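> coords below, sequence missing:
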């Protein structure tokens with residue numbers, strides 16, 4: 001490799017580190033706050049932000065094999081509502097398999113691995129989660145209550161193996177008016193689905209519609225992270 005190529009590679013590595021720096025700090029700081037019970041986490045990153053940060057760092061964790069980064073990524077994903085199931089679209093199971101492989105010789109992380117594998121997700125601390133198998137052309141509807149003065153988030157992802165599915169996500173108010181939607185044919189890749197954010201004008205109940213508009217059955221995971229405020233504040 002020439003010096004120019006070396007410099008180009010160094011620049012690319014530096015840019016990659018810059019892109020990952022904020023998610024890394026966000027993830028580790030958020031997990032520290034959750035584990036330490038400092039009370040400051042209420043003003044820090046929420047479950048959706050932690051999950052997105054963990055998802056961004058997961059490839060680096062797998063590639064590097066750094067056990068601390070693997071642990072942080074797994075915790076961030078689980079705090080955001082994912083599971084260790086092999087068909088879970090966020091693929092935390094691969095991170096756990098890598099961590100177990102690294103730990104096989106020393107057993108240094110066996111306690112942390114056991115705690116993560118036996119973790120119980122509670123409704124109060126975890127996001128609203130809905131797992132469904134939708135036949136081609138079918139839809140599933142259910143209701144959520146959202147608060148005001150903060151972003152509401154709804155996300156649907158294809159389970160691993162649903163390679164040809166096309167899932168639409170539609171959020172409507174009680175009158176049937178569409179509040180937010182993500183529709184189209186962009187969900188045909190495993191791990192990709194539909195995502196919307198909206199700013200409710202007031203506390204309200206909304207109807208979530210998941211619709212399989214593709215030609216094959218699809219396993220779908222829906223996540224709606226809980227509001228920071230656990231009361232109606234608008």
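Sure thing, it's come through. No experiment lies behind these values; they were computed from the predicted model shown.
> what separates the residue positioned nearest the centre of the chain from residue 161, distance-wise?
Residue closest to the average C-alpha location in the chain (C-alpha atoms, centre = their mean): residue 51, at 4.3 Å. Look at residue 51 and residue 161: by C-beta to C-beta, to the nearest Å, they are 21 Å apart. All C-beta atoms are positioned from the backbone trio N, CA, C, and that covers glycine.
> do the same with residue 152
Residue 152 is 29 Å from residue 161, by C-beta to C-beta.
> again, but for residue 91
Counting by C-beta to C-beta - residue 91 and residue 161 are separated by 12 Å.
> Please apply the same query to residue 180.
28 Å.
> Between these two, point out the one with more neighbours.
A count of neighbours by other C-beta atoms under 10 Å puts residue 180 above the other of residue 180 and residue 161, at 17 against 12.
> Doesn't the more buried one belong to a strand?
Yes: Residue 180 forms part of a strand when assessed by DSSP: H, G, I helix; E, B strand; the rest coil.
> wait, doesn't it sit right on residue 171?
Yes: with contacts counted by C-beta atoms under 8 Å, residue 180 reaches residue 171, the gap being 4.5 Å.
> which neighbours do these two share?
Counting by C-beta atoms under 8 Å, 6 or more residues apart in numbering, the residues touching both residue 180 and residue 171 are 154, 196, 198.
> tell me the contacts of the nearest residue to the last one once chain neighbours are set aside?
The one in question is residue 198. Leaving aside its sequence neighbours, residue 198 sits nearest to residue 180 (C-beta to C-beta, 6 or more residues apart in numbering; 4.2 Å). By C-beta under 8 Å, 6+ apart, the contact list for residue 180 reads 154, 170-171, 196-198.
> What pLDDT does the model give residue 60?
We have a pLDDT of 88 for residue 60.
> Helix or strand: which one has it?
Assessed by DSSP states H and E, residue 60 sits inside helix 47-64.
> Quick check: buried residues in the helix or strand that that helix is followed by?
Downstream of helix 47-64, the next assigned helix or strand under DSSP H and E is helix 67-79. Of the residues in helix 67-79, 67, 69-79 count as buried by neighbour count, 16 or more other C-beta atoms under 10 Å.
> Report pLDDT for the residue nearest to the centre of the chain.
With respect to pLDDT, residue 51 has a value of 81.
> go on, residue 56?
pLDDT, residue 56: 86.
> tally of neighbours for it?
By the criterion of other C-beta under 10 Å, residue 56 has 18 neighbours.
> could you measure it against residue 49, distance?
When residue 56 is compared with residue 49 (using C-beta to C-beta), they lie 11 Å apart.
> follow-up on the earlier one: distance to residue 102 and pLDDT added to the buried residues of helix 67-79, as JSON lines?
Below are these laid out as JSON lines (distance: C-beta to C-beta, whole Å; pLDDT from 0 to 100):
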{"residue": "67", "distance to residue 102": "5", "pLDDT": "91"}
{"residue": "69", "distance to residue 102": "11", "pLDDT": "88"}
{"residue": "70", "distance to residue 102": "7", "pLDDT": "92"}
{"residue": "71", "distance to residue 102": "10", "pLDDT": "91"}
{"residue": "72", "distance to residue 102": "14", "pLDDT": "88"}
{"residue": "73", "distance to residue 102": "13", "pLDDT": "91"}
{"residue": "74", "distance to residue 102": "13", "pLDDT": "92"}
{"residue": "75", "distance to residue 102": "16", "pLDDT": "88"}
{"residue": "76", "distance to residue 102": "18", "pLDDT": "86"}
{"residue": "77", "distance to residue 102": "18", "pLDDT": "88"}
{"residue": "78", "distance to residue 102": "18", "pLDDT": "87"}
{"residue": "79", "distance to residue 102": "22", "pLDDT": "81"}
